[in-house]
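Q: Whatever this is, show me its structure:
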Amino acid sequence: MKTFQKPLTQGEEAEYIRLLREGSAEQAKQAKDILIERNLRLVAHIAKKYQNSGEDMEELISIGCIGLIKAVDSFDDRKGRLATYACRCIDNELLMLLRGKRKTSREVSLYEPIGQDKEGNEIHLMDVIEQQQPDPLDSMELAGNIRRLFLLMDECLTSRERQILLMRYGLSGKPEATQNQVGAILGISRSYVSRIEKKALSKLRERFEQG
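A: Predicted coordinates:
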């Protein structure tokens, strides 16, 4: 199994990003190579999510690396850590690959004959396929957004804000709690819980939309 280099510390990452943006051509190239090499573990980790998609793992990793390179090229260090941004770029690149292949596969196969009816007419897959089946790629995309929200909760919320959201929406594995129940547990008023909840959701929405 391939051994990946250790992730960069926050200080190391900031310095290499500075060199990538402000250094000489040689320094920028070296910095970019290091930022990519030290984040390759992210590509392997995310590619594993799609190992049952029928695609070759080497191809998944290759496409994931394209997402990582795009992330390094377009990252804005004022919006958090590179790893968080890179995860989204890698995931998006893999989803585009799978969606593209799925579309091509459907265009080729849905109208091919799969048999005949009692009158001798050809039956096509399109004639019998169930249109309302859940899309596994949409489910994967949703799961990715959920993971990103949890990362953003750690990055931009206070401990009190995070605690209230976990309790209110049952994100801690427990049943959802009302604002009155949360207030009783934390020893604060329902209206105070409501203000904190609204502020936390607003912060999350803003960070999520920033990308």
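Q: Flag the shaky bits of the chain, pLDDT-wise.
A: 1-3, 101-145, 172, 174, 211 (pLDDT under 70).
Q: Helices of that one, residue ranges please.
A: 10-22, 25-37, 40-47, 57-74, 82-109, 125-128, 136-156, 159-168, 179-186, 190-210 (DSSP state H).
Q: So which of those is nearest Phe4?
A: helix 40-47 (3.9 Å; CB to CB). Quick note: C-beta positions are derived from backbone N, CA and C, even for glycine.
Q: Could you check how far the closest one is from the centre of its chain?
A: 12 Å (CA atoms, centre = their mean, to the nearest Å).
Q: name the helices or strands packed onto it?
A: Counting contacts by 3 or more CB pairs under 8 Å, 6 or more residues apart in numbering; DSSP states H and E, helix 40-47 packs against helix 57-74, helix 82-109.
Q: Determine which stretch of the helices of the chain is the most buried.
A: Of the helices of the chain, the one with the most neighbours on average (mean count of other CB atoms under 10 Å) is helix 40-47, at a mean of 20.
Q: Next, the angle helix 57-74 makes with that one.
A: 130 degrees (axes from the mean of the first three to the mean of the last three CA atoms, to 10 degrees).
Q: coming back round to it: let's have the helices and strands packed on helix 40-47 in JSON lines, adding distance to Glu209.
A: Shown next, in JSON lines, are the helices and strands packed on helix 40-47 (distance: least, CB to CB, whole Å):
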{"stretch": "helix 57-74", "distance to Glu209": "16"}
{"stretch": "helix 82-109", "distance to Glu209": "13"}
